[in-house]
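Visitor: dropping a prediction and its sequence here:
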Amino acid sequence: MKAAILAVEELSRGALAKLYSVPVIVRAIHSLARGGVEEVTIICSDVDEVEDAVFRWDIPIRMNLVGAVRLSEGLSRLKGLFKERFILSLGCYVFEESAVRLLAGRNGPTVLVDSKPPVEPRFRLPSGEGGFSGLALVDEATVAALEGSSSVDELVERLYEGGVEVVDLESSSVYDAELKRSSKPLCMDLADRTSLERCKGILLGRIGKGKHFTSKMNHPVENAITKLIADTPITPNHVTILTNVLAYICSALFLTGHFRMGSILAYLTGVLDGVDGKLARVRGILTKLGHMEHSFDMLFEQVWYAAFGLSLIAHGYGGWRELVLLMAFLVSDSFTRHVYMQFRAVTGIALTDYSRFDRVFARIDGRRNMYVLYMIGLSLLNHPQLALPFMLSHSLATTAVYAVRACIHLRRLDRSPFR
(Lines give C-alpha, C1' and ligand atoms only; values in the text may rest on other atoms or scores of the structure.)
Protein backbone atom coordinates (compact mmCIF):
# COMPACT_ATOMS: atom_id res chain seq x y z
CA MET A 1 0.00 0.00 0.00
CA LYS A 2 1.04 3.62 -0.62
CA ALA A 3 0.38 6.85 1.24
CA ALA A 4 0.55 10.60 0.75
CA ILE A 5 1.18 13.26 3.39
CA LEU A 6 -0.05 16.82 2.82
CA ALA A 7 2.34 19.33 4.42
CA VAL A 8 1.44 22.58 2.72
CA GLU A 9 0.35 25.99 4.05
CA GLU A 10 -1.04 25.68 7.61
CA LEU A 11 -0.26 21.94 7.66
CA SER A 12 3.49 22.40 7.20
CA ARG A 13 4.07 24.08 10.57
CA GLY A 14 2.66 21.14 12.50
CA ALA A 15 4.43 18.62 10.26
CA LEU A 16 7.84 20.04 11.13
CA ALA A 17 7.12 20.59 14.83
CA LYS A 18 9.14 18.34 17.12
CA LEU A 19 7.37 15.94 19.43
CA TYR A 20 9.83 14.44 21.92
CA SER A 21 12.69 15.61 19.67
CA VAL A 22 11.28 13.90 16.55
CA PRO A 23 9.59 15.88 13.73
CA VAL A 24 5.91 14.97 13.49
CA ILE A 25 6.29 14.11 9.81
CA VAL A 26 9.07 11.60 10.60
CA ARG A 27 6.87 10.01 13.23
CA ALA A 28 4.06 9.81 10.66
CA ILE A 29 6.32 8.03 8.16
CA HIS A 30 7.29 5.42 10.76
CA SER A 31 3.64 4.89 11.78
CA LEU A 32 2.69 4.40 8.13
CA ALA A 33 5.56 1.94 7.65
CA ARG A 34 4.58 -0.15 10.67
CA GLY A 35 0.98 -0.08 9.43
CA GLY A 36 2.00 -1.77 6.18
CA VAL A 37 2.67 1.19 3.87
CA GLU A 38 5.59 0.59 1.50
CA GLU A 39 5.90 4.00 -0.18
CA VAL A 40 5.00 7.53 0.87
CA THR A 41 4.78 10.75 -1.14
CA ILE A 42 5.08 14.02 0.76
CA ILE A 43 3.45 17.07 -0.81
CA CYS A 44 5.18 20.03 0.84
CA SER A 45 5.61 23.78 0.53
CA ASP A 46 9.36 23.74 1.16
CA VAL A 47 11.02 20.63 -0.24
CA ASP A 48 14.48 21.55 1.07
CA GLU A 49 13.23 22.13 4.61
CA VAL A 50 11.30 18.85 4.71
CA GLU A 51 14.21 16.97 3.16
CA ASP A 52 16.57 18.36 5.78
CA ALA A 53 14.20 17.39 8.63
CA VAL A 54 13.45 13.90 7.32
CA PHE A 55 16.80 12.62 6.13
CA ARG A 56 18.41 13.13 9.53
CA TRP A 57 16.50 9.99 10.50
CA ASP A 58 16.36 6.42 9.22
CA ILE A 59 13.41 6.14 6.84
CA PRO A 60 12.11 2.55 6.57
CA ILE A 61 10.11 2.96 3.33
CA ARG A 62 10.49 4.54 -0.11
CA MET A 63 9.82 8.27 -0.04
CA ASN A 64 9.10 10.91 -2.69
CA LEU A 65 9.01 14.68 -2.17
CA VAL A 66 6.76 16.85 -4.34
CA GLY A 67 6.67 20.63 -4.09
CA ALA A 68 3.43 22.62 -3.91
CA VAL A 69 2.86 26.09 -2.50
CA ARG A 70 -0.87 25.87 -1.81
CA LEU A 71 -3.27 23.12 -0.77
CA SER A 72 -5.17 23.27 -4.05
CA GLU A 73 -1.92 22.86 -5.94
CA GLY A 74 -0.91 19.94 -3.73
CA LEU A 75 -4.20 18.15 -4.39
CA SER A 76 -3.71 18.68 -8.12
CA ARG A 77 -0.26 17.07 -7.84
CA LEU A 78 -1.85 14.03 -6.25
CA LYS A 79 -4.01 13.42 -9.29
CA GLY A 80 -2.43 10.73 -11.41
CA LEU A 81 0.23 9.76 -8.87
CA PHE A 82 -1.74 6.78 -7.55
CA LYS A 83 -3.58 4.20 -9.61
CA GLU A 84 -4.88 2.30 -6.61
CA ARG A 85 -6.35 3.23 -3.25
CA PHE A 86 -3.94 4.99 -0.91
CA ILE A 87 -3.89 6.56 2.53
CA LEU A 88 -4.10 10.35 2.66
CA SER A 89 -2.70 12.01 5.78
CA LEU A 90 -2.56 15.61 6.94
CA GLY A 91 0.97 16.49 8.03
CA CYS A 92 0.05 18.17 11.31
CA TYR A 93 -1.49 15.02 12.81
CA VAL A 94 0.07 12.47 15.14
CA PHE A 95 -1.34 9.00 14.64
CA GLU A 96 -0.52 5.42 15.58
CA GLU A 97 0.07 2.46 13.33
CA SER A 98 -3.17 0.91 14.60
CA ALA A 99 -5.11 3.69 12.84
CA VAL A 100 -3.26 2.89 9.61
CA ARG A 101 -4.11 -0.81 9.92
CA LEU A 102 -7.72 0.10 10.60
CA LEU A 103 -7.87 2.02 7.34
CA ALA A 104 -5.89 -0.50 5.31
CA GLY A 105 -8.45 -3.19 6.14
CA ARG A 106 -11.40 -1.27 4.64
CA ASN A 107 -12.88 -2.23 1.27
CA GLY A 108 -13.45 1.27 -0.10
CA PRO A 109 -12.82 4.99 0.49
CA THR A 110 -13.01 5.62 4.24
CA VAL A 111 -12.48 8.57 6.55
CA LEU A 112 -11.57 8.21 10.23
CA VAL A 113 -13.28 10.51 12.71
CA ASP A 114 -13.20 10.77 16.48
CA SER A 115 -16.42 11.58 18.32
CA LYS A 116 -14.42 12.01 21.55
CA PRO A 117 -11.10 13.52 20.47
CA PRO A 118 -8.36 14.22 23.06
CA VAL A 119 -8.41 17.93 22.15
CA GLU A 120 -10.99 20.16 20.48
CA PRO A 121 -10.66 19.41 16.74
CA ARG A 122 -10.06 22.15 14.22
CA PHE A 123 -11.73 20.24 11.41
CA ARG A 124 -15.12 18.56 11.79
CA LEU A 125 -17.30 16.60 9.42
CA PRO A 126 -20.36 18.58 8.24
CA SER A 127 -22.58 15.80 9.59
CA GLY A 128 -21.33 16.46 13.11
CA GLU A 129 -20.19 12.83 13.48
CA GLY A 130 -16.92 13.94 15.02
CA GLY A 131 -13.61 15.61 14.43
CA PHE A 132 -11.52 14.62 11.42
CA SER A 133 -8.66 12.34 12.47
CA GLY A 134 -6.29 13.46 9.73
CA LEU A 135 -6.41 10.09 7.94
CA ALA A 136 -8.49 8.79 5.05
CA LEU A 137 -8.37 5.94 2.57
CA VAL A 138 -9.02 7.40 -0.89
CA ASP A 139 -8.99 6.44 -4.56
CA GLU A 140 -8.71 8.31 -7.87
CA ALA A 141 -12.36 9.33 -7.81
CA THR A 142 -12.01 10.72 -4.31
CA VAL A 143 -8.91 12.70 -5.27
CA ALA A 144 -10.73 14.13 -8.28
CA ALA A 145 -13.54 15.29 -5.97
CA LEU A 146 -11.02 16.93 -3.62
CA GLU A 147 -9.23 18.81 -6.40
CA GLY A 148 -9.66 22.56 -6.09
CA SER A 149 -10.13 22.58 -2.31
CA SER A 150 -8.57 25.81 -1.04
CA SER A 151 -8.72 24.97 2.70
CA VAL A 152 -8.66 21.93 4.95
CA ASP A 153 -12.25 22.62 6.00
CA GLU A 154 -13.31 22.43 2.36
CA LEU A 155 -11.23 19.28 1.86
CA VAL A 156 -12.95 17.56 4.79
CA GLU A 157 -16.35 18.68 3.55
CA ARG A 158 -15.69 17.28 0.08
CA LEU A 159 -14.42 14.03 1.56
CA TYR A 160 -17.71 13.56 3.38
CA GLU A 161 -19.81 14.58 0.39
CA GLY A 162 -17.96 12.03 -1.73
CA GLY A 163 -19.90 9.21 -0.11
CA VAL A 164 -16.98 7.71 1.79
CA GLU A 165 -17.49 5.35 4.70
CA VAL A 166 -17.10 7.02 8.08
CA VAL A 167 -15.41 5.07 10.90
CA ASP A 168 -15.43 6.45 14.44
CA LEU A 169 -12.23 5.77 16.39
CA GLU A 170 -14.20 5.93 19.62
CA SER A 171 -15.95 2.69 18.71
CA SER A 172 -12.80 1.05 17.34
CA SER A 173 -10.32 -1.04 19.28
CA VAL A 174 -7.13 -2.55 17.85
CA TYR A 175 -4.97 -5.14 19.62
CA ASP A 176 -1.31 -4.24 20.12
CA ALA A 177 0.81 -7.36 20.62
CA GLU A 178 3.73 -5.31 21.93
CA LEU A 179 1.71 -3.49 24.59
CA LYS A 180 -0.41 -6.62 25.20
CA ARG A 181 -3.76 -4.87 25.10
CA SER A 182 -6.49 -3.50 22.86
CA SER A 183 -7.00 0.23 22.73
CA LYS A 184 -8.54 3.02 20.72
CA PRO A 185 -6.12 4.23 18.01
CA LEU A 186 -4.69 7.66 18.74
CA CYS A 187 -5.06 10.40 16.11
CA MET A 188 -4.42 13.96 17.25
CA ASP A 189 -4.16 17.35 15.60
CA LEU A 190 -1.16 19.41 16.73
CA ALA A 191 -2.75 22.78 16.17
CA ASP A 192 -0.68 24.73 18.69
CA ARG A 193 1.75 24.49 21.61
CA THR A 194 -1.03 23.51 24.00
CA SER A 195 -2.07 20.52 21.90
CA LEU A 196 1.59 19.53 21.51
CA GLU A 197 2.08 19.40 25.28
CA ARG A 198 -1.24 17.59 25.67
CA CYS A 199 -0.09 15.02 23.13
CA LYS A 200 3.14 14.45 25.05
CA GLY A 201 1.17 13.61 28.18
CA ILE A 202 -1.16 11.27 26.31
CA LEU A 203 1.72 9.40 24.67
CA LEU A 204 3.49 9.00 27.99
CA GLY A 205 0.34 7.55 29.51
CA ARG A 206 -0.10 4.97 26.73
CA ILE A 207 3.31 3.30 26.82
CA GLY A 208 3.03 1.14 29.94
CA LYS A 209 2.57 -2.53 29.09
CA GLY A 210 3.22 -4.60 32.22
CA LYS A 211 0.44 -6.22 34.26
CA HIS A 212 2.68 -7.56 37.03
CA PHE A 213 2.50 -5.72 40.35
CA THR A 214 6.22 -4.96 40.14
CA SER A 215 5.67 -3.39 36.71
CA LYS A 216 3.03 -1.14 38.25
CA MET A 217 5.57 -0.18 40.92
CA ASN A 218 8.19 0.65 38.30
CA HIS A 219 5.98 2.60 35.86
CA PRO A 220 6.11 5.99 37.64
CA VAL A 221 9.92 5.92 37.82
CA GLU A 222 10.30 4.65 34.24
CA ASN A 223 7.90 7.32 32.96
CA ALA A 224 9.71 10.06 34.89
CA ILE A 225 13.07 9.03 33.40
CA THR A 226 11.54 8.74 29.93
CA LYS A 227 10.01 12.20 30.18
CA LEU A 228 13.30 13.63 31.45
CA ILE A 229 15.37 12.38 28.50
CA ALA A 230 12.77 12.29 25.70
CA ASP A 231 13.62 15.80 24.48
CA THR A 232 17.39 15.19 24.58
CA PRO A 233 19.74 13.56 22.05
CA ILE A 234 19.78 10.38 24.15
CA THR A 235 18.50 7.45 22.09
CA PRO A 236 16.95 4.11 23.12
CA ASN A 237 20.18 2.42 22.02
CA HIS A 238 22.14 4.57 24.47
CA VAL A 239 19.83 3.45 27.28
CA THR A 240 20.15 -0.20 26.20
CA ILE A 241 23.95 0.00 26.27
CA LEU A 242 23.94 1.63 29.72
CA THR A 243 21.50 -1.01 30.99
CA ASN A 244 23.74 -3.85 29.81
CA VAL A 245 26.85 -2.25 31.33
CA LEU A 246 25.10 -1.97 34.70
CA ALA A 247 23.76 -5.51 34.34
CA TYR A 248 27.22 -7.01 34.10
CA ILE A 249 28.42 -4.86 37.00
CA CYS A 250 25.64 -6.58 38.97
CA SER A 251 27.02 -9.96 37.88
CA ALA A 252 30.50 -8.94 39.07
CA LEU A 253 29.06 -7.88 42.43
CA PHE A 254 27.32 -11.23 42.80
CA LEU A 255 30.49 -13.15 41.92
CA THR A 256 32.47 -11.23 44.53
CA GLY A 257 29.92 -11.99 47.24
CA HIS A 258 28.27 -8.56 47.40
CA PHE A 259 24.75 -10.01 47.34
CA ARG A 260 22.95 -7.02 48.86
CA MET A 261 24.52 -4.39 46.65
CA GLY A 262 24.31 -6.60 43.58
CA SER A 263 20.62 -7.42 44.02
CA ILE A 264 19.62 -3.80 44.72
CA LEU A 265 21.54 -2.62 41.66
CA ALA A 266 19.92 -5.45 39.67
CA TYR A 267 16.45 -4.14 40.52
CA LEU A 268 17.43 -0.58 39.60
CA THR A 269 18.88 -1.90 36.34
CA GLY A 270 15.55 -3.59 35.68
CA VAL A 271 13.80 -0.24 36.07
CA LEU A 272 16.20 1.35 33.58
CA ASP A 273 15.62 -1.60 31.24
CA GLY A 274 12.02 -0.46 30.84
CA VAL A 275 13.06 3.00 29.65
CA ASP A 276 14.56 2.18 26.24
CA GLY A 277 11.33 0.69 24.91
CA LYS A 278 9.24 3.49 26.37
CA LEU A 279 11.54 6.11 24.87
CA ALA A 280 11.20 4.48 21.45
CA ARG A 281 7.40 4.37 21.74
CA VAL A 282 6.88 7.99 22.85
CA ARG A 283 9.07 9.09 19.93
CA GLY A 284 7.29 6.77 17.52
CA ILE A 285 10.58 5.36 16.19
CA LEU A 286 10.38 1.60 16.65
CA THR A 287 13.07 -0.30 14.77
CA LYS A 288 13.55 -3.98 13.95
CA LEU A 289 17.00 -3.81 15.54
CA GLY A 290 15.35 -2.69 18.77
CA HIS A 291 13.76 -6.12 19.18
CA MET A 292 17.23 -7.57 19.79
CA GLU A 293 17.13 -5.80 23.14
CA HIS A 294 14.92 -8.61 24.45
CA SER A 295 17.60 -11.18 23.58
CA PHE A 296 20.28 -9.20 25.41
CA ASP A 297 17.90 -8.87 28.37
CA MET A 298 17.50 -12.63 28.54
CA LEU A 299 21.28 -13.07 28.35
CA PHE A 300 22.16 -10.82 31.26
CA GLU A 301 19.28 -12.15 33.37
CA GLN A 302 20.56 -15.72 33.02
CA VAL A 303 24.07 -14.48 33.84
CA TRP A 304 22.66 -12.84 36.99
CA TYR A 305 21.03 -16.05 38.16
CA ALA A 306 24.11 -18.15 37.41
CA ALA A 307 26.46 -15.65 39.08
CA PHE A 308 24.22 -15.42 42.15
CA GLY A 309 23.90 -19.19 42.56
CA LEU A 310 27.54 -20.06 41.88
CA SER A 311 28.72 -17.31 44.21
CA LEU A 312 26.59 -18.74 47.02
CA ILE A 313 28.57 -21.97 46.68
CA ALA A 314 31.92 -20.19 46.31
CA HIS A 315 31.33 -18.09 49.46
CA GLY A 316 30.24 -20.95 51.67
CA TYR A 317 26.46 -20.52 51.56
CA GLY A 318 25.81 -23.95 50.10
CA GLY A 319 27.01 -26.86 47.99
CA TRP A 320 25.47 -29.49 45.72
CA ARG A 321 21.95 -28.65 46.89
CA GLU A 322 22.28 -25.03 45.76
CA LEU A 323 23.82 -26.14 42.47
CA VAL A 324 20.87 -28.45 41.78
CA LEU A 325 18.40 -25.69 42.72
CA LEU A 326 20.20 -23.26 40.41
CA MET A 327 20.18 -25.66 37.44
CA ALA A 328 16.52 -26.50 37.98
CA PHE A 329 15.65 -22.81 38.16
CA LEU A 330 17.53 -21.96 34.94
CA VAL A 331 15.79 -24.79 33.07
CA SER A 332 12.36 -23.83 34.42
CA ASP A 333 12.78 -20.13 33.65
CA SER A 334 14.07 -20.81 30.13
CA PHE A 335 11.20 -23.20 29.37
CA THR A 336 8.64 -20.68 30.61
CA ARG A 337 10.08 -18.01 28.34
CA HIS A 338 9.97 -20.35 25.35
CA VAL A 339 6.34 -21.31 25.99
CA TYR A 340 5.44 -17.63 26.18
CA MET A 341 7.27 -16.72 22.97
CA GLN A 342 5.95 -19.75 21.07
CA PHE A 343 2.36 -18.99 22.05
CA ARG A 344 2.68 -15.39 20.91
CA ALA A 345 4.29 -16.46 17.64
CA VAL A 346 1.39 -18.83 16.91
CA THR A 347 -1.55 -16.70 18.03
CA GLY A 348 -0.24 -13.14 17.72
CA ILE A 349 -1.52 -12.52 21.25
CA ALA A 350 0.46 -12.56 24.48
CA LEU A 351 -0.39 -15.54 26.73
CA THR A 352 -0.64 -13.11 29.65
CA ASP A 353 -3.48 -11.31 27.85
CA TYR A 354 -5.37 -14.23 26.31
CA SER A 355 -8.10 -14.70 28.92
CA ARG A 356 -9.28 -13.22 32.17
CA PHE A 357 -7.50 -15.90 34.21
CA ASP A 358 -4.25 -15.31 32.31
CA ARG A 359 -4.47 -11.56 32.89
CA VAL A 360 -5.01 -12.08 36.61
CA PHE A 361 -2.18 -14.61 36.94
CA ALA A 362 0.15 -12.24 35.04
CA ARG A 363 0.00 -9.89 38.04
CA ILE A 364 1.80 -12.38 40.28
CA ASP A 365 3.67 -14.77 37.97
CA GLY A 366 7.38 -15.49 38.26
CA ARG A 367 9.65 -13.12 36.37
CA ARG A 368 12.88 -11.18 36.75
CA ASN A 369 11.61 -8.41 39.03
CA MET A 370 10.08 -10.99 41.37
CA TYR A 371 13.20 -13.12 41.50
CA VAL A 372 15.38 -10.09 42.19
CA LEU A 373 13.07 -9.10 45.06
CA TYR A 374 13.70 -12.53 46.60
CA MET A 375 17.43 -11.87 46.24
CA ILE A 376 17.13 -8.43 47.86
CA GLY A 377 14.93 -9.48 50.77
CA LEU A 378 16.86 -12.58 51.77
CA SER A 379 20.25 -10.94 51.25
CA LEU A 380 19.21 -8.12 53.59
CA LEU A 381 18.24 -10.80 56.12
CA ASN A 382 21.72 -12.35 55.74
CA HIS A 383 20.30 -15.56 54.23
CA PRO A 384 20.90 -15.16 50.47
CA GLN A 385 20.98 -18.95 50.04
CA LEU A 386 17.23 -19.07 50.79
CA ALA A 387 16.50 -16.98 47.68
CA LEU A 388 17.06 -19.95 45.36
CA PRO A 389 14.28 -22.17 46.85
CA PHE A 390 11.82 -19.25 46.67
CA MET A 391 12.86 -18.42 43.11
CA LEU A 392 12.58 -22.04 41.99
CA SER A 393 9.17 -22.55 43.63
CA HIS A 394 7.76 -19.43 41.98
CA SER A 395 9.30 -20.33 38.64
CA LEU A 396 7.95 -23.92 38.70
CA ALA A 397 4.45 -22.67 39.52
CA THR A 398 4.67 -20.23 36.62
CA THR A 399 5.99 -22.91 34.29
CA ALA A 400 3.12 -25.24 35.15
CA VAL A 401 0.44 -22.60 34.67
CA TYR A 402 1.92 -21.26 31.43
CA ALA A 403 2.42 -24.72 29.90
CA VAL A 404 -1.08 -25.95 30.81
CA ARG A 405 -2.84 -22.73 29.76
CA ALA A 406 -0.95 -22.58 26.46
CA CYS A 407 -1.86 -26.18 25.64
CA ILE A 408 -5.52 -25.58 26.51
CA HIS A 409 -5.78 -22.45 24.35
CA LEU A 410 -3.94 -23.97 21.38
CA ARG A 411 -6.00 -27.15 21.56
CA ARG A 412 -9.19 -25.12 21.43
CA LEU A 413 -7.90 -23.27 18.39
CA ASP A 414 -7.19 -26.61 16.69
CA ARG A 415 -10.68 -27.89 17.19
CA SER A 416 -13.27 -27.38 14.48
CA PRO A 417 -16.15 -25.10 15.50
CA PHE A 418 -18.55 -27.69 14.05
CA ARG A 419 -17.47 -30.49 16.40
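Guide: Now that the structure is in, tell me what you want to look at.
Visitor: please report how far residue 325 lies from residue 309.
Guide: To residue 309, residue 325 is 7 Å away according to C-beta to C-beta, to the nearest Å. All C-beta spots, glycine's among them, are computed from the backbone N, C-alpha and C.
Visitor: so for these two, which sits in the more crowded spot?
Guide: residue 309 (25 against 20; other C-beta atoms under 10 Å).
Visitor: circling back to that earlier point, overlap in contacts, residue 325 and residue 309.
Guide: Common contacts of residue 325 and residue 309, defined by C-beta atoms under 8 Å, 6 or more residues apart in numbering, comprise residue 388.
Visitor: residue 407: neighbour count?
Guide: The tally of other residues near residue 407 (other C-beta under 10 Å) stands at 12.
Visitor: again, but for residue 289
Guide: Residue 289 - counted by other C-beta under 10 Å - has 11 other residues nearby.
Visitor: same question for residue 391.
Guide: By other C-beta under 10 Å, the residues close to residue 391 number 27.
Visitor: kindly state the pLDDT recorded for it?
Guide: Residue 391 is assigned a predicted lDDT (pLDDT) of 97.
Visitor: can you check residue 416 too?
Guide: Note on residue 416: pLDDT of 59.
Visitor: do residue 127 as well
Guide: Looking at residue 127, the pLDDT reads 68.
Visitor: cool, and residue 75?
Guide: 88.
Visitor: which residues does residue 17 contact?
Guide: 23, 24, 92, 190, 196.
Visitor: and the helix or strand harbouring residue 331, which residues are buried?
Guide: Using DSSP states H and E, residue 331 sits in helix 320-347. Residues 322, 325-326, 329-330, 332-333, 335-337, 339-340, 343-344 are the ones in helix 320-347 that count as buried (16 or more other C-beta atoms under 10 Å).
Visitor: same check on stretch 222-234?
Guide: If you call a residue buried by 16+ other C-beta under 10 Å, then stretch 222-234 has these buried ones: 222, 223, 225, 226, 227, 229, 230, 234.
Visitor: from residue 283, how far off is the fourth one?
Guide: Here residue 226 is placed at a distance of 10 Å from residue 283 (C-beta to C-beta).
Visitor: on that earlier part again, state the pair within the buried residues of helix 320-347 that is farthest apart.
Guide: The largest separation in the buried residues of helix 320-347, counting by C-beta to C-beta, is between 322 and 344 at 33.1 Å.
Visitor: which residue packs closest to the one residue sitting closest to the centre of the chain, ignoring adjacent ones?
Guide: Residue closest to the average C-alpha location in the chain (C-alpha atoms, centre = their mean): residue 281, at 4.8 Å. Once flanking residues are discounted, residue 281 sits nearest to residue 207: 4.6 Å by C-beta to C-beta, 6 or more residues apart in numbering.
Visitor: from what I can see that neighbour touches residue 226, true?
Guide: Yes. The criterion here is C-beta atoms under 8 Å, and residue 207 meets it with residue 226 at 7.5 Å.
Visitor: any shared contact partners between these two?
Guide: Counting by C-beta under 8 Å, 6+ apart, the residues touching both residue 207 and residue 226 are 278, 282.
Visitor: what are the buried residues along stretch 375-387?
Guide: 375, 376, 378, 379, 384, 385, 386, 387.
Visitor: right, I'll leave it there.
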